[in-house]
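Asks: kindly generate the corresponding structure for this input.
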Amino acid sequence: MMMRKSIYFCSFIIVIITLFSGCQFADNNEKNSVSPYNVQSKIPQNLALEMEKEIEKFEEVDRVTAVSHNKSVYISLRVSGFDRFFLKQIRQKAYKRASSKNEEATIYLSTDRKVDMELNKIKSEIKHRSITKKELEKELKKVEKDMNG
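Replies: Have a look, this model is predicted:
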């Protein structure tokens, strides 16, 4: 009987210690986390973020990735299933919606999966500040070339 109480007591203490250490760990991560389009980023992505949010509203689009540099915005759309039969119309609608956000911007839009992967990689590099403006220009010229075929 006494042994049972001590087992319950020990397990209770272990649970309490685990809870407190888990909460403390989460607080440290929260302070150090960086948002994908942090204002302090070397390369601002405000224009890309605006257009990305606008196009995400389409139910046909599964995922949108956008990267901007100067006044150019590179957007890739991920469309799957039955909606792939209507890619041309989806691209036209997305282009109109994106250009309505900023009419001065040059918009490059693609539904190609390779372009999507490349833009995701670039977006990640911008987020982690591991790319310079010169490297970004070079990468985006490559993406533009892939978009044009």
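
Asks: show me where the chain has its strands.
Replies: 61-69, 72-79, 106-110 (DSSP state E).

Asks: all helices for the chain, in order.
Replies: 2-32, 46-55, 87-101, 113-127, 133-148 (DSSP state H).

Asks: residue ranges with poor pLDDT in this protein?
Replies: Applying pLDDT under 70 to the chain picks out residues 1-2, 19, 22-41.

Asks: rewinding a little: Thr65: which of the helices of the chain is closest?
Replies: Minimum separation from Thr65 across these (C-beta to C-beta) falls at helix 113-127, 4.5 Å. In this view, the C-beta of every residue, glycine as well, is placed from N, C-alpha and C.

Asks: in TSV: the helices of the chain, plus distance to Val79 and mean neighbour count.
Replies: Putting these into TSV (distance: least, C-beta to C-beta, whole Å; neighbours: other C-beta atoms under 10 Å) gives the following:
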stretch	distance to Val79	mean neighbour count
helix 2-32	34	9
helix 46-55	11	19
helix 87-101	6	15
helix 113-127	10	17
helix 133-148	16	14
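
Asks: would you reformat the ones you listed as a markdown table and include distance to Asn70?
Replies: Listed next are the helices of the chain as a markdown table, based on distance: least, C-beta to C-beta, whole Å:
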| stretch | distance to Asn70 |
| --- | --- |
| helix 2-32 | 31 |
| helix 46-55 | 10 |
| helix 87-101 | 16 |
| helix 113-127 | 14 |
| helix 133-148 | 9 |
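
Asks: out of those helices, which comes closest to Ser76?
Replies: Among the helices of the chain, helix 113-127 comes nearest to Ser76, with 4.0 Å by C-beta to C-beta.

Asks: quick one: list the elements packing against the closest one.
Replies: strand 61-69, strand 72-79, helix 133-148 (3 or more C-beta pairs under 8 Å, 6 or more residues apart in numbering; DSSP states H and E).

Asks: now render the ones you listed as a markdown table, adding distance to Gln89.
Replies: Below are the helices and strands packed on helix 113-127 laid out as a markdown table (distance: least, C-beta to C-beta, whole Å):
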| stretch | distance to Gln89 |
| --- | --- |
| strand 61-69 | 12 |
| strand 72-79 | 11 |
| helix 133-148 | 18 |
